[in-house]
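K.L.:
below: sequence and its predicted model.
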Amino acid sequence: MAFFTIEKRLRSDGTARYRCTVAVKQNGKYVHRENKTFSKNTLAKSWGAKRVAYIEEHGLPEPEKEMKEISVITVGDLLTPV
């Protein structure tokens, strides 16, 4: 089951920021966690509720689908003049 928490954080200039963490636990262990920071508490709550609803409806995001295609470059390729 997914859930979210909101943590109020103060910046060095004294302004407040709100970090929303969405997490999923299975068998007492975290299997997924993501967070995002907002300038307003209401924005953080809205994002957290939407992400929880999405995860509960569609399941956990698969890392392969969320990552863009990664190409492998070796150090030798970088050092070889073109």
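P.N.:
Okay, I see it. All values reported here derive from a predicted model rather than from experimental measurement.
K.L.:
CA atoms for contacts and neighbours, from now on please.
P.N.:
Will do.
K.L.:
just read off the phi/psi values of Ile6.
P.N.:
As for Ile6, its main-chain torsions (degrees, to the nearest 10) stand at phi -130, psi 130.
K.L.:
ok, it - contacts?
P.N.:
For Ile6, the contacting residues are 18-21, 41, 44-45, by Cα atoms under 8 Å, 6 or more residues apart in numbering.
K.L.:
which element, helix or strand, includes the residue most central in space within the chain?
P.N.:
Nearest to the geometric centre of the chain sits Glu34, at 2.7 Å (Cα atoms, centre = their mean). Taking DSSP states H and E as the criterion, Glu34 maps to strand 29-38.
K.L.:
residues of that strand that come out buried?
P.N.:
Judged by neighbour count (16 or more other Cα atoms under 10 Å), strand 29-38 contains these buried residues: 37-38.
K.L.:
in the chain, where is pLDDT below threshold?
P.N.:
Counting by pLDDT under 70, the chain shows low-confidence ranges at 63-70.
K.L.:
residue boundaries of the helices in it?
P.N.:
Ranges of helices within the chain are 41-58, 63-66, 75-79, based on DSSP state H.
K.L.:
highest mean neighbour count out of these?
P.N.:
Highest mean neighbour count among those (mean count of other Cα atoms under 10 Å): helix 41-58, with a mean of 16.
K.L.:
now the angle from that one to strand 29-38?
P.N.:
Per axes from the mean of the first three to the mean of the last three Cα atoms, to 10 degrees, the angle that helix 41-58 makes with strand 29-38 is 140 degrees.
K.L.:
okay, Cys20 and Val72: tell me how far apart.
P.N.:
Computed as Cα to Cα, to the nearest Å, the Cys20 to Val72 distance reads 33 Å.
K.L.:
oh sorry, the question was meant for His58
P.N.:
31 Å.
K.L.:
before we move on, what about Ala2?
P.N.:
Ala2 is 34 Å from Val72, by Cα to Cα.
K.L.:
one more: Thr5?
P.N.:
In this view, Thr5 and Val72 are 37 Å apart by Cα to Cα.
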